[in-house]
Each structure stands twice: as C-alpha cells, then as structure tokens.
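1. Based on what follows, work out the 3D shape:
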Amino acid sequence: MWSNEETDTMVRMSDLIRDEGMEPPTGPPDPVSYHDLAMRSSQEAEGQADATGLEWYRLAEETLQQLSAVIRPGQPFQLENLTQVVRVVMIENCGRIAAGIVESLQEGDQLLTKAISGSKGPPIISNMVNVSILATKIGMGLGYSRQELMRLAHAGLLHDVGMFMLPESLLTSQRKLSAEDRARIVQHPEFGNKILTKLGAEHDWLAQVAWQEHERWGGQGYPRGLSGQQIHEYARIIGLVDIFDALMSPRPYKRRLLPHEAVRELLIAEKASFPSQIIKALVQQFSLFPLGTTVRLNTTEIGTVIQLNARYPLRPVIRISQTPNLAGPASPKTVDLSKTMLVHIVEVVGPAYGA
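-> Below you'll find the model as predicted:
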C-alpha cells in the first residue's frame, strides 16, 4: 500500500488536474511542415523528411556523437577555430532533427515509446535525445506553437552539450563520485553556455537554456541560484524532464522506474523545484497508469488499465479481474473512474512492462 506521503501526493496530483485555466488543448498543435525550416534547401533535409520516429532517434544519436567527437578532443581548445564545424552540426543538423522529432510525435507514439523504454545507448547521448523528445511532448501539452516546439526540441538536444568538455572517463565512471568529481560536473552548464554563445547572437536563447537547465523555481539550483521567472521557460521544462529521464534510466546501483513511478517520485521530491503548470503538463502527457498496468482500487477490487482518460490521468478505465473475495467477477465488468468520484486507485500491483 502507499504511504501517507504518497497518498498525499495522489491528492496533490488530483488538485493539479482540477486546477482551473489549464485544460488540455482542444486539438493538436498545428502540424509542423518540414519545408518551413530555415535550412530546408539542403538535399539532406529533403532526404530525411520521411524518416520514421526510430530513424529520427538514430539520426539524433549520430549527430550528437559527431558533435562530441568535434568538441571533446580539443580540451583545452580554441573554440573559435571550431565554430564553423560546430555550427553546422548544432544548428543545421539538430534543427532538422528537432523538426523531425516534432512531426513524429504529432503522428504517433513510436518516438515517445523509444524515449521511455530505458535506452541502453551512451548515457549522455541517450539523455540528450530523450530530453528533447520528452520536453517536446510537454510543450504539446502546454499548447506551444509549431515554431516553439521546434525550438524546444532543439534546446533539448543541446541542453547538456557542456558535458562534452568533460573527460569521458568521468562521465562513464561506475564508482561513487568524489566531491572533486562533482565539482567538475556542475561546471557543464557554464561550458555549454560558452560553446553556444560562440554561435552568434541569434542563438543566445540556446545558450541561456543550456546555462539555466539546472536552476530551480525556488532558487535551489545551480550555477547561479536563479529563481522563478528569471529562468527561461524552456529551461524549466528541460530541467523537469531531465530528472524524469534519469529516474527511468537504469543505473548500476538502482533499477529504472516505470513512468508512473517516476512521476510519483517527482511529485514527492521535486514539487517545489518547478512551477505547477509544467508539473501538471507532465502528469497529463505521461500517464501514471499505462495501458496494461494492474491496480488495486479502494473497493479492494483488482483490475487492469484498458483505456486512458486524457483529461483525467488519475482515472483510467479499469477491467476488474479480481473481487474482494479473491474470486474473479461473476460477469465481465469495467469501471470508468472518470465517471465516479467514489472509486479510485490506491495501489499499483503490477507494471504494464518490465522494469
């Protein structure tokens, strides 16, 4: 059963869903036209326009690996000498991929499924791609325009570019980090800002997001202790989904959390770190109870989630499989929790997919 703290969290989630002025958009955002991109004249862009979600994921990984190969060997390096190469990789390639990510998410969930599946690629690369996908999904929930979605996806791809200025051995180490190691890692937002600033004033917004994505709403983040509206909205979104992705990623010392577990953990541990509007969008976009999840109701009945309610993520449709006397129901029975306030989920007893 859930603890009192977790029960309180469920109440807070219900409160978030009921808040006025944050109804889900009545329709999907305007479709993104690939040919609206500034770099659309490239033959490469035309060749990638029909890529599938998984192909966009692969292209993103390859592009970021290429970027890492350009940046990392030059430490210390004269960034000015690499600016043109970095500009092509960062701005042109990542811009195309950002548009592909937006289009793919508007067409279906293939890319989203990949992002939440616990990818086993290089951790930093996988995180940057996953954050781009997850942040874009949040942006859709917030009703962002197509241009805003592309910019958000682009920022997500580059949010941790400063990590490429750190030794790879530090980032892949399986040992517990020392205080000195942590002090080096927390420099990466400033490194990212330095790299992106070199690309010109038109990309200052990217530099600001990379610099601010570890800042927190209440001023408890780093590197500058910014708070509230001082933090770029994209950085707030990316900061939240960065933690979300980390919770869903396997680590040597812990199992990966499932999406509903990760959301619950965020609401317990990070509720003061991000504005409620963005947390609510997270709850709405990433169901706490994925299809196939086995749950126990307050009636003590056990059932399986067979349908989601977009407007009420805490209240899916349940097919009852076990009654209070531990026997199966006399006849097939489904309960739409969005239509009754007397019945609710109290416990997840089985995941929709393996941990």
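2. Report pLDDT for the closest residue to Val186 other than its chain neighbours.
-> Spatially, and ignoring its direct neighbours in sequence, Val186 is nearest to Tyr222 (5.7 Å; Cβ to Cβ, 6 or more residues apart in numbering). In short, each C-beta sits where N, CA and C put it, glycine included. pLDDT for Tyr222: 96.
3. And Asp245, what's its pLDDT?
-> You'll see Asp245 listed with a pLDDT of 94.
4. looking at this, it is in a helix?
-> Yes: assessed with DSSP: H, G, I helix; E, B strand; the rest coil, Asp245 lies in a helix.
5. any idea how far it lies from Gly121?
-> Distance of Asp245 to Gly121, given as Cβ to Cβ, to the nearest Å: 12 Å.
6. For these two, indicate the residue with more neighbours.
-> More crowded of Asp245 and Gly121, by other Cβ atoms under 10 Å: Asp245, with 23 against 15.
7. got a list of what that one touches?
-> By Cβ atoms under 8 Å, 6 or more residues apart in numbering, Asp245 lies in contact with Ala115, Asn127, Asn130, Val131, Leu134.
8. need the contact list for the fourth one.
-> Going back to what we said before, that points to Val131. Residues near Val131 by Cβ under 8 Å, 6+ apart: Gly156, Leu157, His159, Asp160, Ile238, Val241, Asp242, Asp245.
9. So the third one sits against Met128, correct?
-> Yes: in this structure, His159 is within contact of Met128 by Cβ atoms under 8 Å, at 6.6 Å.
10. Comparing the two, which shows the higher neighbour count?
-> It is His159, of His159 and Met128, that has more neighbours when counted by other Cβ under 10 Å, with 30 against 27.
11. can you tell me how far the more buried one sits from Ile345?
-> Taken as Cβ to Cβ, the span from His159 to Ile345 is 34 Å.
12. same deal with Met140?
-> Met140 is 25 Å from Ile345, by Cβ to Cβ.
13. So which residue is dead centre in the chain?
-> Taking Cα atoms, centre = their mean, the centroid of the chain lies closest to Leu134, which sits 3.0 Å from it.
14. Thank you kindly, that will do.
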